[in-house]
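# Here's my sequence, what's the structure:
(one chain, ligands or ions: 1)
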Amino acid sequence: MADQSAPQDGTAKAWSGRFSEPVSELVKRYTASVFFDNRMAAQDIRGSLAHAKMLARQGIIGQSDLADIERGMAQIVGEIERGEFNWNLDDEDVHLNIEKRLTALVGDAGKRLHTGRSRNDQVATDVRLWLRGEIDKLAALLGAMQHALVELAAQHADTVMPGFTHMQVAQPVSFAHHLLAYVEMFARDAERLVDVRKRTNRLPLGAAALAGTSYPLDRERVARTLGFDGVCQNSLDAVSDRDFALEFSGFAAICMVHVSRLSEEIVLWMSQNFGFIDLADRYCTGSSIMPQKRNPDVAELARGKSGRVVGHLMGLITLMKGQPLAYNKDNQEDKEPLFDSADTAIDTLRIYADMMGSRVEANGEKVFNVRVKREAMQAALTQGYATATDLADYLVKKGLPFRDAHEAVALAVRAAELTGCDLPQIPLADLKAAMTHVPGAVERLAEDVFQVLTVEGSLASRDHVGGTAPNQVRAAIARARSRLA
Ligand code: ARG
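Reported below is the predicted structural model:
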């Protein structure tokens, strides 16, 4: 029998009858989630209304109950919007807070809402509904991010810069080609997101606590009402697995790592040592002590924030690892990391899509926020013998085996280093002299070698899908534009 101290007037815990004393204050605080899961209030109410409608249609509750529930929920929506809703720790989570308020407003109909339902399938439904909304926001932002990068790239199919391996000058590429590499990454992120959405968009409701329910629910109808693509096929799985959240976290971690790599480049490019780009003032911050400073804080912070999103993936996957079927309270820990991953990715992509974009000035001129310093990029190519591979390829095309060509060019680079000039500046006679030890090299060198040693020649020769030749890069831009349109 219930303890005398357990009130019977509706202020009791939803499960108070079974208990002889109230939960301790510490336990109450420790187990409550209302102060973070109340951000799913809109989804909770949507789910409850769909459930109630179906219950009435199936004759499980009366039409007047449904009308009362709808009226009460409308009032609650208003209270939440106006900031008047009194979120109460005593009622543990968003679900119980709303149900309690509903019952206070409409009486018995409120108490009937939970028929054929458990908080276990309710929370799984809310999280999926909430995440679906975030996925749709992120899909749009990934489109905006790619669009910004493609439009910036479109200005720079002929802007040359060094491509790097090991952070050493490797071969010339265009700035557009470099940017399009990130477009590819974000395009794959968008594909991953489409995939995550498919598996997120399934309805758990009807699974009840874990085993299903004895009421004649119409799960398919609830799924349609809520825009789900179908219903979860196993009740134990429906209430307990959070693999859709793991997949989303994986998506978010990978996407943030892509942003982080781009951020690292922006930081490097903006440093005086590279001086490849500048960013519009509104994306930079100053130093409180060094008056000359303009720092790329957005890029640095995005790079830093990728850490917590990667961490959330680890946290969530570990959260699931030891859980037996079916629902365990552990699952309550899924929300904060999931919320933070979504928030961080959304904030970051929003600011980045803006920062990599352009704006139209008062005089009608379109100005890009990333200001490219072409001369600095070009000048960086005069260091590091960026066309050495082109020289080797030249010899190979004249019949020298590649390994011998590689050796011949290595000797030429050494000679160039000693004289302190770049390969195109070495007179033909000196080039030949440098290669005399490699049989077959000297007689294959002719005046036409200087065409391939230019940066433009190097770029133009990489003329295949995925190569940096300007016409290929323009074709890639056209493909990306039509894909994003
Ligand atoms: N607040 C809980 C969560 O986030 C809701 C489900 C609780 N169910 C239960 N039987 N304790 O997972």
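
# Flag every buried residue along stretch 378-388.
380, 381, 382, 384, 385, 386, 387, 388 (16 or more other CB atoms under 10 Å). In this view, the C-beta of every residue, glycine as well, is placed from N, C-alpha and C.

# Could you export those as JSON lines, including pLDDT, distance to residue 212 and secondary structure?
JSON lines is the format used below for the buried residues of stretch 378-388 (pLDDT from 0 to 100; distance: CB to CB, whole Å; DSSP: H, G, I helix; E, B strand; the rest coil):
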{"residue": "380", "pLDDT": "96", "distance to residue 212": "66", "secondary structure": "helix"}
{"residue": "381", "pLDDT": "93", "distance to residue 212": "67", "secondary structure": "coil"}
{"residue": "382", "pLDDT": "89", "distance to residue 212": "72", "secondary structure": "coil"}
{"residue": "384", "pLDDT": "88", "distance to residue 212": "67", "secondary structure": "coil"}
{"residue": "385", "pLDDT": "93", "distance to residue 212": "70", "secondary structure": "coil"}
{"residue": "386", "pLDDT": "93", "distance to residue 212": "66", "secondary structure": "coil"}
{"residue": "387", "pLDDT": "93", "distance to residue 212": "69", "secondary structure": "coil"}
{"residue": "388", "pLDDT": "94", "distance to residue 212": "69", "secondary structure": "helix"}
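
# check contacts around residue 180.
149, 150, 153, 473, 476, 477, 480 (CB atoms under 8 Å, 6 or more residues apart in numbering).

# Spell out the residue ranges of the strands in the stretch 51-200 of the chain.
All strands of the stretch 51-200 of the chain, identified by DSSP state E, counting those that start in this stretch, fall at 160-165, 168-174.

# For the first one, list every residue counted as buried.
With burial defined by 16+ other CB under 10 Å, the residues of strand 160-165 counted as buried are 160, 161, 162, 163, 164.

# what's the answer for the last one, then?
Residues of strand 168-174 classed as buried by neighbour count (16+ other CB under 10 Å): 169, 170, 171, 172, 173, 174.

# List the buried residues in stretch 476-485.
Buried residues in stretch 476-485 (16+ other CB under 10 Å): 476, 477, 480, 484.

# so which strand or helix has the first one?
To tie it back to what came earlier, the one meant is residue 476. helix 470-484 (DSSP states H and E).

# Can you name every helix or strand that that helix contacts?
helix 119-154, helix 175-200 (3 or more CB pairs under 8 Å, 6 or more residues apart in numbering; DSSP states H and E).

# now with 10 Å?
Here helix 470-484 touches helix 119-154, strand 168-174, helix 175-200, helix 455-461, going by 3 or more CB pairs under 10 Å, 6 or more residues apart in numbering; DSSP states H and E.

# Go through these and name the closest to the ligand.
Distance to the ligand, taken as CB to the nearest ligand atom, is lowest for helix 119-154 among the helices and strands packed on helix 470-484, at 3.8 Å.

# now the angle from the closest one to strand 168-174?
80 degrees (axes from the mean of the first three to the mean of the last three CA atoms, to 10 degrees).
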